[in-house]
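[1] Next one to model:
(one chain, ligands or ions: 2)
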Amino acid sequence: MSAALHRVPAADILSPQALPGFAKSTVDGFAVRAADTYGASEGLPSYLDLIGSVRMGEAPAVSVKPGACVAMPTGGVIPDGADAVVMVEYTAETMPGTIEVTRPVAPGGGIVRADDDVAAGAPLVTGGRPLRAPDLGLLAAAGVTSICVHARPRVAIISTGDEVVPPETAHLTAGQVRDATASALAGLVIEAGGEPVIAGIVSDEPGALKEKLTEVLPESDLVVVSAGSSVGARDETAGAVAAVGDVWCHGLAIKPGKPTLLAECGRGSSDRVPLIGLPGNPLSALVVFGQIGIPLLWRISGCDKPPARPNVRARLSRDLASAAGRLDIIQVKVTDGVAEPLFGPSALLSVLTRADGYVIIPEPATGLDAGIDVDVTLYP
Ligand SMILES: Nc1nc2c(c(=O)[nH]1)N[C@H]1C(S)=C(S)[C@@H](COP(=O)(O)OP(=O)(O)OC[C@H]3O[C@@H](n4cnc5c(N)ncnc54)[C@H](O)[C@@H]3O)O[C@H]1N2
Ligand code: MOO
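    Ligands and ions are numbered 1, 2, ... in the order given. So this is what the prediction gives:
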């Protein structure tokens, strides 16, 4: 079942039985009738007859009658007749076979009922939410050892640019760069429950990207193309995408990420594949994928309740400027409750590796003032 971790169940999984399935003790002590302990104190204890003991993993052989008690281990089955368990710390065996109780216990005290964890037929886990470790435990407790989950979306990652070479390239010639974006995007895809398919590097040659898109589309649930979406002479992405699908928008009011392109490509009229054209700068590509690609990926995964991103409140260390009408995503380092913006052009990927998280300046704002408290969304 550990293979189901982070997978998204296709539907609610209902419990075939109540859990824990029997009324059990939550303490080491003595099963009693609560009424027999009312008014008990150190000065005026209740005295009960010890009539037996319960063994772990076995049904009790005795039942509890008025004035009697049964020794209980934590997790043992509550015998008939008992409605509470008094903790051993509040008892003493003053003489063999007689238990002195020095504190009262209310009905239900020291007991979990047979269906307190989950009632029979109630959901163990809900569809649409990725499974966490405790979910696997609850399924196991109910004897559910195989479940239907949504398929992991396959995400084709295409890098473009004549200067981009595989990371394995030992020596670079002038102007060449190793493909940083594809590996990092693959990591984000895995974090969001997808299956990355690194589809390689496509040259700026006219027609090359269209050919690659035609090749990967039938096998993909989402296609990501990095670079070639700005305004330069070699920026071919929009044209290639338009040849295999419909471009929804080219250019977003976000920083970084202005040249982002969003499209829907055809595998058939009823089977359309979303495509994201990311900016070439690896930092921008990753930031945009985090904002747009990951929520989209969760949705394609059948997940309508994505896990919440952890965030902290922190005091902004300096003024941040922004243009009204544009959403800014600012990388920050957080130290002792202070968020320090990390500046630097989008061409520098290390800004992202040094950041603890990011702060959003919303579209209408023209900046944020130093000293205010901001929400920092933290990276895993
Ligand atoms: N005149 C203008 N120039 C630029 C604008 C603009 O609005 N007007 N926007 C800038 C912004 S913002 C960005 S972002 C870039 C994005 O341009 P492209 O999407 O066309 O990307 P490229 O030019 O091909 O690459 C940019 C940069 O990133 C390097 N790169 C590309 N792919 C990878 C990879 N897989 N791994 C590592 N590095 C990669 C590439 O070598 C370039 O250095 O345009 C600005 N220009
Ligand atoms: O908008 Mo670009 O994506 O800043 O580097």
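[2] Let me know the secondary structure of residue 298.
    Three-state call for residue 298 (DSSP: H, G, I helix; E, B strand; the rest coil): helix.
[3] Which residues does stretch 316-323 contact?
    Stretch 316-323 has contacts (C-beta atoms under 8 Å, 6 or more residues apart in numbering) with 255, 328, 330, 338-341, 359, 361, 365-374. (Glycine included, C-beta is placed from N, CA and C.)
[4] And the strands in the stretch 151-300 of the chain, which stretches?
    154-160, 164-165, 177-178, 195-202, 222-226, 245-250, 254-255, 261-266, 272-278 (DSSP state E, counting those that start in this stretch).
[5] Kindly list the main-chain dihedrals of whatever residue of the stretch 201-350 of the chain ends up closest to ligand 1?
    Nearest residue of the stretch 201-350 of the chain to ligand 1: residue 280, at 2.0 Å (C-beta to the nearest ligand atom). Main-chain dihedrals, residue 280, degrees, to the nearest 10: phi -70, psi -40.
[6] cool, residue 79 as well?
    Dihedral angles (degrees, to the nearest 10) for residue 79: phi -70, psi 160.
[7] Would you mind measuring from it to residue 72?
    To residue 72, residue 79 is 8 Å away according to C-beta to C-beta, to the nearest Å.
[8] Now list whatever residues contact both of these two.
    Both residue 79 and residue 72 are in contact with 31, 54, where contact means C-beta under 8 Å, 6+ apart.
[9] who's more crowded, the two?
    Set residue 79 next to residue 72 and count neighbours by other C-beta atoms under 10 Å: residue 72 wins out with 29 against 23.
[10] Contacts only, for that one.
    So residue 72 contacts 25, 27-31, 53-54, 78, 85 (C-beta under 8 Å, 6+ apart).
[11] Can you check the pLDDT for it?
    Each residue has a pLDDT score; the one for residue 72 is 98.
[12] Same check on the one 4 residues further on?
    Reading off the confidence values, residue 76 has pLDDT 98.
[13] Surely it touches residue 52?
    No - under the criterion of C-beta atoms under 8 Å, residue 76 makes no contact with residue 52, lying 11.6 Å away.
[14] Before we move on, what's the pLDDT of the residue nearest to the residue of the stretch 201-350 of the chain closest to ligand 1 when sequence neighbours are not counted?
    Counting by C-beta to C-beta, 6 or more residues apart in numbering, the nearest residue to residue 280 once its immediate chain neighbours are dropped is residue 227, at 3.3 Å. On pLDDT, residue 227 comes in at 93.
[15] Residue 227: what's it in contact with?
    159-161, 164, 181, 237, 278-280, 285.
[16] Excluding chain neighbours, give the residue nearest to the residue in the stretch 101-250 of the chain that ligand 2 sits nearest to in space.
    In the stretch 101-250 of the chain, the residue that lies nearest ligand 2 is residue 230 (8.0 Å; C-beta to the nearest ligand atom). Distance criterion C-beta to C-beta, 6+ apart; nearest residue to residue 230, sequence neighbours excluded, is residue 259 at 4.4 Å.
[17] since we're on the one you found, how many residues are nearby?
    So residue 259, with other C-beta under 10 Å, has 24 neighbours.
[18] for ligand 2, what are the nearby residues on the protein?
    Those residues of the chain that sit near ligand 2, judged by C-beta under 6 Å from any ligand atom, are 255-259, 279, 281, 284, 346.
[19] For this protein, which segments are assigned as helices?
    Taking DSSP state H, the helices of the chain run over residues 133-141, 181-191, 208-216, 237-244, 282-288, 294-300, 350-354.
[20] would you turn those helices into CSV with mean pLDDT and distance to residue 168?
    Below are the helices of the chain laid out as CSV (pLDDT from 0 to 100; distance: least, C-beta to C-beta, whole Å):
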stretch, mean pLDDT, distance to residue 168
helix 133-141, 97, 35
helix 181-191, 97, 11
helix 208-216, 96, 20
helix 237-244, 92, 25
helix 282-288, 97, 17
helix 294-300, 95, 27
helix 350-354, 96, 21
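[21] what about the protein, any weak spots by pLDDT?
    231-235, 267-270 (pLDDT under 70).
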